[in-house]
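Undergrad: Got a sequence here, can you build the structure:
(one chain, ligands or ions: 2)
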Amino acid sequence: MRPIKAAICRAFGAPLTIETLHLRPPGPGEVEVTLGAVAICHSDISMAEGAWNQSLPAVYGHEAAGHVAAIGPGVTGFAPGDRVLVTLIRACGRCPTCAGGHPTICRTKPGDGDTPLFTAAGEPVHQGLDTGAFAEAVVVHHSQLAPIPADMALDAASLISCGVITGLGAAVNTARIRPGETVVVIGAGGVGLNAIQGARLAGAARIIAIDMRADKLEAAREFGATDGVLATGDKPWRAARQIAGRAADAVLVAVGSPAAYDSAPRYLAPGGRLVMVGMPHSGQTARYEPMSIALLGQELRGSMMGDTVLARDIPWIVDLYRQGRIRLDELISGRWRLDQINAAIADTKTGAARRNVILF
Ligand SMILES: [Zn+2]
Ligand SMILES: [Zn+2]
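TA: Numbering: from 1, shown residues only. Ligands and ions are numbered 1, 2, ... in the order given. Sure, this is the predicted structure:
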């Protein structure tokens, strides 16, 4: 057992506490990674508030990067010292969805519920989103890792593990945006900015960002939005339609707000695709008219982690970053220590931050 410092959630809605936990060595198919950076994602905050009815105590954090410390029996392709991304995409590689090229929705995740984390007294600690990365080190399934270049900074790299692939992937893999299309992205936070980058890479002619805050619309322009509309105005879908001269071929919802989901079909053109990325809390619902969706031949589609295939998608994302064609460093709005995590979470909750990153 390796003693590690971790930020643990013992009660929903209460501050995380920094404790020394014990991490068991990697078992078959697993890898131990010493983390250099973990970013705070809105999903971590939702979980710490009990939004999805998970078990406690738990360690959250799932947007991480570090170095391989040890490999378990049967793992090939990784060696101690390798620089890697740590994601929550745990996949068997053999079930129908994995075999069909969609590991983010694997049906038979290996080792589900088998936590490697324990308190000093031996009490098991839930590994949030199969990762538990608000900690100095993690033990995860090898399918969750992707190699990155040895000279890549770990703070920028950590962002790729969730927010970047979720946004870019929603645009490129799920919405399959084509050159010349009109795209609306609702929510210009960490994921939304990456959906905007993805739409730009895919050649969208108009990329219209919708947000409650004017400063976020400004940020959206830096990442490739051609236009911005304040969601607080009257019927923002009308303004969006006026800007582009038409409704949107693709609408990506990058916030977990039911109100955003209610309004999303209003931006959509006949035959358009509505891609659901942001995750509301369990039990929250959206309202739309099925008749209208049917009549207009529209598509509603969920996008889990951008439908990413790590071995296919991480190399090109890293390459585009190194060419200066996608922005990662600009996504970081603050760098914090692990013992400052509650302040970093509070800063994220204000809505002003892009991504706050904990450095180890
Ligand atoms: Zn996330
Ligand atoms: Zn699978």
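
Undergrad: Which parts of the stretch 251-360 of the chain are strands?
TA: Taking DSSP state E, counting those that start in this stretch as the test, the strands found in the stretch 251-360 of the chain are 268-276, 299-302, 332-336, 355-359.

Undergrad: Tell me the buried residues in the first one?
TA: Burial within strand 268-276, assessed by neighbour count using 16 or more other C-beta atoms under 10 Å, is assigned to Leu268, Ala269, Gly272, Arg273, Leu274, Val275, Met276. Quick note: C-beta positions are derived from backbone N, CA and C, even for glycine.

Undergrad: distance between that strand and the chain's centre?
TA: In this view, strand 268-276 has its centroid 22 Å away from the chain centroid, taken as C-alpha atoms, centre = their mean, to the nearest Å.

Undergrad: repeat for stretch 166-173
TA: Offset of stretch 166-173 from its chain centre (C-alpha atoms, centre = their mean): 10 Å.

Undergrad: And the pLDDT at Val251?
TA: Confidence at Val251, expressed as pLDDT, is 98.

Undergrad: for the one 5 residues further on, same thing?
TA: Predicted confidence (pLDDT) for Gly256: 92.

Undergrad: Tell me how many other residues crowd it.
TA: Neighbourhood size, Gly256 [other C-beta atoms under 10 Å]: 21.

Undergrad: Which residue is the nearest non-sequential neighbour of it?
TA: Gly278 (4.1 Å; C-beta to C-beta, 6 or more residues apart in numbering).

Undergrad: distance of whichever residue of the stretch 201-350 of the chain sits closest to ligand 2 from Val229?
TA: At 12.0 Å from ligand 2, Val309 is the closest residue in the stretch 201-350 of the chain, using C-beta to the ion. Using C-beta to C-beta, to the nearest Å, Val309 is found at 33 Å from Val229.

Undergrad: do the same with Asp329
TA: In terms of C-beta to C-beta, Asp329 sits 27 Å off from Val229.

Undergrad: What of Asp249?
TA: For Asp249 relative to Val229 (C-beta to C-beta), the value is 17 Å.

Undergrad: same thing with Pro116?
TA: From Pro116 to Val229 the distance is 46 Å (C-beta to C-beta).

Undergrad: Likewise for His22?
TA: Distance, His22 to Val229, by C-beta to C-beta: 51 Å.

Undergrad: hang on, the earlier thing: would you mind telling me which of Val309 and Val229 has more residues around it?
TA: When Val309 and Val229 are compared for neighbours, Val229 comes out ahead with 23 against 19, by other C-beta under 10 Å.

Undergrad: For the helix or strand harbouring that one, what does the pLDDT average out to?
TA: Per DSSP states H and E: Val229 is located in strand 227-230. In this model, strand 227-230 has an average pLDDT of 98.

Undergrad: what does the stretch 151-300 of the chain put close to ligand 2?
TA: Neighbours of ligand 2 within the stretch 151-300 of the chain, by C-beta under 5 Å from the ion: none found.

Undergrad: what about the stretch 151-300 of the chain, any weak spots by pLDDT?
TA: Counting by pLDDT under 70, not a single residue of the stretch 151-300 of the chain qualifies.

Undergrad: the helices in this protein, which residues?
TA: Using DSSP state H, the helices of the chain run over 42-48, 96-99, 154-159, 165-169, 190-201, 214-222, 236-244, 258-263, 290-295, 310-322, 341-349.

Undergrad: okay, those helices in TSV with mean neighbour count next?
TA: Supplementary listing: these in TSV, determined by neighbours: other C-beta atoms under 10 Å:
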stretch	mean neighbour count
helix 42-48	22
helix 96-99	14
helix 154-159	25
helix 165-169	28
helix 190-201	29
helix 214-222	17
helix 236-244	18
helix 258-263	17
helix 290-295	10
helix 310-322	17
helix 341-349	18
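
Undergrad: what's the distance between the residue nearest to Ala247 when sequence neighbours are not counted and ligand 1?
TA: Spatial nearest neighbour of Ala247, chain neighbours left out: Ala269 (3.7 Å); criterion: C-beta to C-beta, 6+ apart. Remark: distance between Ala269 and ligand 1 (C-beta to the ion, to the nearest Å) = 30 Å.
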